[in-house]
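K.L.:
pasting the sequence and the predicted coordinates here, then a few questions.
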Amino acid sequence: MSDNSTQPNGAIRLKGVTKNYHLGKRVVPALKGIDLEIIDPGFYAIMGPSGSGKSTLLHLLAALDRPDAGSIELDGVRIDTLNETQLTQFRRHQIGIVFQQYNLISTMSALDNVTLPALLDGMPRKQRYEKGMKLLESLGLTDRADHRPDALSGGEQQRIAIGRAILFEPSILFADEPTGNLDSETSEQVWKLLHDLANQQDMTVIMVTHEPVAAMHCEKAFILRDGRILRTIDIHDGIDIGELATRLLQPDG
Ligand SMILES: Nc1ncnc2c1ncn2[C@@H]1O[C@H](COP(=O)(O)OP(=O)(O)O)[C@@H](O)[C@H]1O
Ligand SMILES: [Mg+2]
């Protein structure tokens, strides 16, 4: 039941998105015309070999950088046309982003890290901490509230980083190789958390990954090659991991 209102709904639409980097006089074409449409909330993967443009695409989607051409619409908002002030607000409230390196602040407790966006937003301390403690509880991390990042495991740090990203209950969450530094058991917990956010909280979760085992938790994988979307693989088509890995390696078509 979609309409054209700007009600947050997790929808993503890209048309003709291109991005070049400039290295001195050399132009590096990172994205060569991306068309992509995601209508329903869910857990989606962006996959492809190193250098295929995955991180560039995620940065554009998360409004951390702007495209050279094309349009990017999130929740019905054309983010490529927002000014910096509007973008800051949009980034803080409507989307979340997590990175491979967690990017937590080492001198701050887990509670202060998870509530940082509320601090930046000017929320009073009491309200901020109540909100943060509720979130930590939902992540099973209540007893870690006072710990600094170096006293937490990698998996706990990434869950704190995910908590920080979803503090304002965004409709869209982006994750760039979120389990790149984690062992397989801990990775499973992170994938399950992302899957649950998508399925129980109606978020659109987009994860960059090069691991087929990670994509098995998703419903669709968009395969990038040389700055273009080569194909889309429907993971729920009864596909098994061997077949997924094989299809990832097919050169084209
Ligand atoms: N800041 C940058 N300056 C110049 N070239 C870049 C920059 N970032 C990425 N690139 C180039 O753009 C292409 C896509 O990179 P990237 O999006 O990081 O790919 P992936 O995440 O799939 O490994 C690569 O050719 C890469 O070398
Ligand atoms: Mg990358």
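P.N.:
Noted; the coordinates are in hand. Ligands and ions are numbered 1, 2, ... in the order given.
K.L.:
and the residue nearest to residue 91 when sequence neighbours are not counted, how many neighbours?
P.N.:
Excluding its sequence neighbours, the residue lying closest to residue 91 (Cβ to Cβ, 6 or more residues apart in numbering) is residue 63, at 5.4 Å. Using the backbone N, CA and C atoms, a C-beta is placed for each residue, glycine as well. Neighbourhood size, residue 63 [other Cβ atoms under 10 Å]: 22.
K.L.:
show me the longest helix that occurs in the chain.
P.N.:
For the chain, the longest helix by residue count, based on DSSP state H, is helix 184-200.
K.L.:
helix or strand right after it?
P.N.:
Going down the chain from helix 184-200, the next helix or strand is strand 204-208, by DSSP states H and E.
K.L.:
with just CA atoms, put the helix or strand just after that following strand into PDB.
P.N.:
Using DSSP H and E, the next helix or strand after strand 204-208 towards the C-terminus is helix 212-215. Extracted C-alpha coordinates of helix 212-215, given in PDB (Å, rounded to 0.1, in the frame of the first residue of the first chain):
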ATOM      1  CA  PRO A 212      28.000 -15.600   1.200                       C
ATOM      2  CA  VAL A 213      27.300 -16.800   4.700                       C
ATOM      3  CA  ALA A 214      26.300 -13.300   5.700                       C
ATOM      4  CA  ALA A 215      24.100 -12.800   2.600                       C
END
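K.L.:
may I see the buried residues of helix 212-215?
P.N.:
The neighbour-count check on helix 212-215 (16 or more other Cβ atoms under 10 Å) flags 212, 214-215 as buried.
K.L.:
residues contacting it, please?
P.N.:
For helix 212-215, the surrounding residues in contact (Cβ atoms under 8 Å, 6 or more residues apart in numbering) are 45, 47, 179, 184, 187, 191, 207, 209, 221, 235, 241, 244-245, 248.
K.L.:
tell me the residues on the protein that lie near ligand 2, please.
P.N.:
Where the chain comes near ligand 2, counting by Cβ under 5 Å from the ion, the residues are 54-55.
K.L.:
middle-most residue in the chain, spatially?
P.N.:
residue 174 (0.9 Å; Cα atoms, centre = their mean).
K.L.:
mind telling me which residue of this structure is nearest ligand 2?
P.N.:
With Cβ to the ion as the measure, residue 55 is the residue of the chain nearest to ligand 2, at 3.2 Å.
K.L.:
could you pull out the helices in the protein for me?
P.N.:
54-61, 84-93, 110-114, 116-120, 125-138, 154-166, 184-200, 212-215, 241-249.
K.L.:
rewinding a little: and the longest helix of the chain, what's its mean pLDDT?
P.N.:
Averaged across helix 184-200, pLDDT comes to 95.
K.L.:
which other helices and strands contact it?
P.N.:
Here helix 184-200 touches strand 42-47, helix 154-166, strand 172-176, strand 204-208, helix 212-215, going by 3 or more Cβ pairs under 8 Å, 6 or more residues apart in numbering; DSSP states H and E.
K.L.:
give me the distance from that helix to the chain's centre.
P.N.:
13 Å (Cα atoms, centre = their mean, to the nearest Å).
K.L.:
just the CA trace of that helix, in CSV.
P.N.:
Coordinates of each C-alpha in helix 184-200 appear next as CSV, following Å, rounded to 0.1, in the frame of the first residue of the first chain:
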residue,chain,number,x,y,z
SER,A,184,32.0,-16.5,13.0
GLU,A,185,30.0,-17.1,16.1
THR,A,186,29.9,-13.4,17.0
SER,A,187,29.1,-12.5,13.4
GLU,A,188,26.1,-14.8,13.6
GLN,A,189,24.8,-12.7,16.5
VAL,A,190,25.2,-9.5,14.6
TRP,A,191,23.5,-10.8,11.5
LYS,A,192,20.6,-12.1,13.6
LEU,A,193,20.3,-8.7,15.3
LEU,A,194,20.2,-6.9,11.9
HIS,A,195,17.7,-9.5,10.6
ASP,A,196,15.5,-9.0,13.6
LEU,A,197,15.6,-5.2,13.2
ALA,A,198,14.5,-5.6,9.6
ASN,A,199,11.8,-8.1,10.4
GLN,A,200,10.5,-7.1,13.8
